[in-house]
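J.: Next input, structure requested:
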Amino acid sequence: MNIGFCVKLINPMLAIIFAVVSLTQSPAKSQQSHNERIRFIQPTLEKEPENRGAPKDRQGAGTRGDCPNVSIPLTALIPLMSNNLSQKQQKPVNASTTKFALGLTVSEFPTFWFYFPYAAQDVNSVKLILLDEENNSVTKEPISINISGTPGVISVRLPATEKPLESGKYYHWYFLVDCNPQSRTDDIAVEGLVKRIEPNSDLNRRLKTKNPEEIAVIYAEAGIWQDAISTLGELRRSKPQDSRLASDWQGLLKSVELDSIATQTITPCCNP
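T.: Now for the predicted structure:
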């Protein structure tokens, strides 16, 4: 057979094969890059929280007292961050690693996010308590939360009528659910830490974009959890049918190992 003829025959066939392979791989590659578009990156801590019972979990009991049995327990949507201190504060190599339920924020009045597994009619009261580093209450009294439209993902913003968070300080919050008006000992609680930080000049420059999706990505990359989840969560709440935002939301939660919450509905709740 003529070699030139074989080459002419093979070249078009190779072109077809490469085109088919390219078409079958492109969607998968595009999907992979999109799923990884937003991801939380843990920041380096300048100092670790005081060892006064710092929370190391983000879930309440699955069943307790008069609250109904649930498949997914009350969960704080917050990272479990390890004590990776800055170089000048680094502990010895053989020091044990501790994880804290901790979220950073640049806001004076941050928003906290939870998966709330109970229907409103099954709950007697819900409260948020905030303590400073000296274990003193920051709010005038426990903040009462009006629950509606649950179960689902909810958000609770610290009211602007309260004392704003001071920069550089850790605050300890408690989210309490009471299903039994006759007894407070059966309250289900989740807790966590929040710390307000001042954004540096580079972060301020990057945040000048007016695109909320980009802002959520920037906050996540900077390790500023409360503002990343709040920015993206409000977008998801306003556009529940947007598949791109749904993918971003799932990617953010999965990056902090909250896979079981990633597909849960975000409700309009809640108002203090």
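J.: C-alpha from now on. contacts and neighbour counts both.
T.: Noted.
J.: The helix or strand harbouring residue 229 - contacts with which helices or strands?
T.: Assigned by DSSP states H and E, residue 229 belongs to helix 225-238. Packing partners of helix 225-238 (3 or more CA pairs under 8 Å, 6 or more residues apart in numbering; DSSP states H and E): strand 99-105, strand 111-116, helix 212-221, helix 243-254.
J.: Including distance to residue 137, could those go into TSV?
T.: Output for the helices and strands packed on helix 225-238, formatted as TSV (distance: least, CA to CA, whole Å):
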stretch	distance to residue 137
strand 99-105	18
strand 111-116	17
helix 212-221	28
helix 243-254	30
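J.: Rebuild those as JSON lines, extending it with distance to residue 164, mean pLDDT and mean neighbour count.
T.: Below are these laid out as JSON lines (distance: least, CA to CA, whole Å; pLDDT from 0 to 100; neighbours: other CA atoms under 10 Å):
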{"stretch": "strand 99-105", "distance to residue 164": "12", "mean pLDDT": "93", "mean neighbour count": "22"}
{"stretch": "strand 111-116", "distance to residue 164": "12", "mean pLDDT": "98", "mean neighbour count": "21"}
{"stretch": "helix 212-221", "distance to residue 164": "20", "mean pLDDT": "95", "mean neighbour count": "20"}
{"stretch": "helix 243-254", "distance to residue 164": "27", "mean pLDDT": "96", "mean neighbour count": "20"}
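J.: And these: which comes nearest residue 157?
T.: Comparison of the helices and strands packed on helix 225-238 against residue 157 by CA to CA identifies strand 111-116 as nearest, at 4.0 Å.
J.: Just the C-alphas of the closest one, formatted as PDB.
T.: Extracted in PDB, the C-alpha atoms of strand 111-116 (Å, rounded to 0.1, in the frame of the first residue of the first chain):
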ATOM      1  CA  THR A 111     -23.800  37.100  61.100                       C
ATOM      2  CA  PHE A 112     -23.800  33.500  62.400                       C
ATOM      3  CA  TRP A 113     -25.100  30.600  60.400                       C
ATOM      4  CA  PHE A 114     -26.600  27.300  61.600                       C
ATOM      5  CA  TYR A 115     -28.400  24.200  60.400                       C
ATOM      6  CA  PHE A 116     -31.600  24.200  62.400                       C
END
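J.: quick one: the strands in the stretch 51-200 of the chain?
T.: 75-76, 80-82, 99-105, 111-116, 125-131, 143-144, 152-157, 170-178, 188-196 (DSSP state E, counting those that start in this stretch).
J.: Of the helices and strands packed on helix 225-238, which is nearest residue 163?
T.: strand 111-116 (14.3 Å).
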